[in-house]
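Student: Only the shape, not the letters, is given here:
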């Protein structure tokens, strides 16, 4: 069921991200053939691994298709959430309020109380 590149490429709409199996189903070839084409291009991917549009487009061109990115995926990605500046994580008196930092501080205190490691 290997697809050979034809003289006239068929157009196929590919979403911005899909699995290797979904790409095989979309192109009408086995997922094993898609994995072979990925491996010849230096990409190691499993059957259920997600790949981006650019990677899928390379495989589609190798198989004789003309890839077009789906418009719905581009519109869905447009409303991005703005990053909020949280400022510093300093509390009252300049002490750190990050829980991971307080844990590291406790570990350092225990190590200091234990003293240097014994060397025999």
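Tutor: Looks like it arrived, so ask away. Keep in mind that what you see is a predicted model, and the values were worked out from it rather than measured.

Student: make it CA atoms for all contacts and neighbour counts henceforth
Tutor: Noted.

Student: Need the three-state assignment for residue 37.
Tutor: Using DSSP: H, G, I helix; E, B strand; the rest coil, the secondary structure recorded for residue 37 is helix.

Student: How about it: what's its closest non-neighbour residue?
Tutor: Excluding the flanking residues, the one nearest residue 37 by CA to CA, 6 or more residues apart in numbering is residue 59, at 6.1 Å.

Student: Distance check, the one you found against residue 42.
Tutor: Distance, residue 59 to residue 42, using CA to CA, to the nearest Å: 11 Å.

Student: the more surrounded of these two?
Tutor: It is residue 59, of residue 59 and residue 42, that has more neighbours when counted by other CA atoms under 10 Å, with 24 against 9.

Student: Let me see the contact set for that one.
Tutor: Residues near residue 59 by CA atoms under 8 Å, 6 or more residues apart in numbering: 34, 37, 38.

Student: most surrounded residue in those residues?
Tutor: When neighbours are counted by other CA under 10 Å, residue 34 leads the contacts of residue 59 with 24 neighbours.
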